[in-house]
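J.: Here is a sequence with its predicted model. Questions after.
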Amino acid sequence: MSERIAIVGGGKIGEALLAGLIQSGKQTKDLVVAEKMDKRAKEIADEYGVLVTDVTSAAEGAQYVFLAIKPDDVDAVLRELSSADDDAESERVTVTLVAGLPLSRYENGLQAGSPVVRVMPNTPMLVNEAMSAVSVGRYVGDDQLAAVVRLLETVGKVAVVPEKQMDAVTAVSGSGPAYVFLMAEAMIDAGVALGLSRPQAAELTVQTVRGAGLLLSESGLSPVDLRAAVTSPGGTTAAAIRQFEANGFRHGVYEATRACAAVSKKAGHRPDVEGLGGANSGRSDVDAP
């Protein structure tokens, strides 16, 4: 029996998931997208050959419904999902890719006993290199979790964590790409200051970041080992590392991630996040699919 998968939201994250599922071999007849903007809906339909419709129609008969929407849209979407008919042969699993909102928000807004999976993805999903962390609600079975992990693996790697760790996940991997981009931005500016043209500095930096990431991922060595291998005593890299440390680089990373986690935690405990009554404004840089 084929799985019907609905993706609510045709933004960048929703489109990335859709593309990954198709590339993994999912048939377009088993995929449906809900997108309220007419222009964007037509773009998705034309590009991927899938049905694009409203939330209720997309969810009816779907075994998995992925929410790739803005936090402000969650209340309305949950109301629509609650009115959509389940497949008579299987229970619908709601998978949220919205940052900052706890599992209880969805469990309280959907029909009683609805299985909900919370996902913290990151923007490398756009190139099938996501790091997605997954937490499960009270009513999710082992088989349902395994199926969601398998679907998310079409666009990157997946780790299952307790929900209490989601703020830390947000601080490390959810917002992490921005830290790397900031480092790259600073390296390019520094290269220009040292006499390189901006295109030269950009090419050197981008390929260095790419290569370092692949080396870290595929070498089997730790960051400490890899850094030490490049850092000769008294050499040029050692001079740079000493300057980084003198300027509080490591401490800055600690403080930045702690600040990120604190904001994530605060968003998850706002009164308008805990219930379904108010408009939510608890957004982060990684929650705008």
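T.: Yes, it's here. Numbering: from 1, shown residues only.

J.: Can you show me the strands along this protein?
T.: Using DSSP state E, the strands of the chain run over residues 5-8, 31-34, 51-53, 64-67, 93-96, 116-120, 130-136, 156-160.

J.: Of all these, which one is nearest residue 179?
T.: Nearest to residue 179, of all the strands of the chain, is strand 130-136, at 13.2 Å by C-beta to C-beta. C-betas here are computed from N, CA, C, even on glycine.

J.: List the strands paired with the closest one, with their directions.
T.: Taking DSSP bridges as the criterion, strand 130-136 forms sheet pairs with strand 116-120 (antiparallel), strand 156-160 (parallel).

J.: which one of the strands of the chain lies closest to residue 40?
T.: Proximity to residue 40 (C-beta to C-beta) singles out strand 51-53 among the strands of the chain, at 8.6 Å.

J.: hmm, who's touching that closest one?
T.: Applying C-beta atoms under 8 Å, 6 or more residues apart in numbering, the contact partners of strand 51-53 are 10, 31, 32, 33, 34, 35, 41, 42, 44, 45, 58.

J.: on that earlier part again, just put the strands paired with strand 130-136 in CSV and tack on distance to residue 4.
T.: Rendered in CSV, the data for the strands paired with strand 130-136 read as follows (distance: least, C-beta to C-beta, whole Å):
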stretch, distance to residue 4
strand 116-120, 17
strand 156-160, 21
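
J.: Including mean neighbour count and mean pLDDT, could those go into JSON lines?
T.: JSON lines is the format used below for the strands paired with strand 130-136 (neighbours: other C-beta atoms under 10 Å; pLDDT from 0 to 100):
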{"stretch": "strand 116-120", "mean neighbour count": "25", "mean pLDDT": "97"}
{"stretch": "strand 156-160", "mean neighbour count": "15", "mean pLDDT": "97"}
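
J.: picking up where we left off before, list buried residues within the contacts of strand 51-53.
T.: Buried residues within the contacts of strand 51-53, counting neighbours by 16 or more other C-beta atoms under 10 Å: 10, 31, 32, 33, 34, 35, 41, 44, 45, 58.
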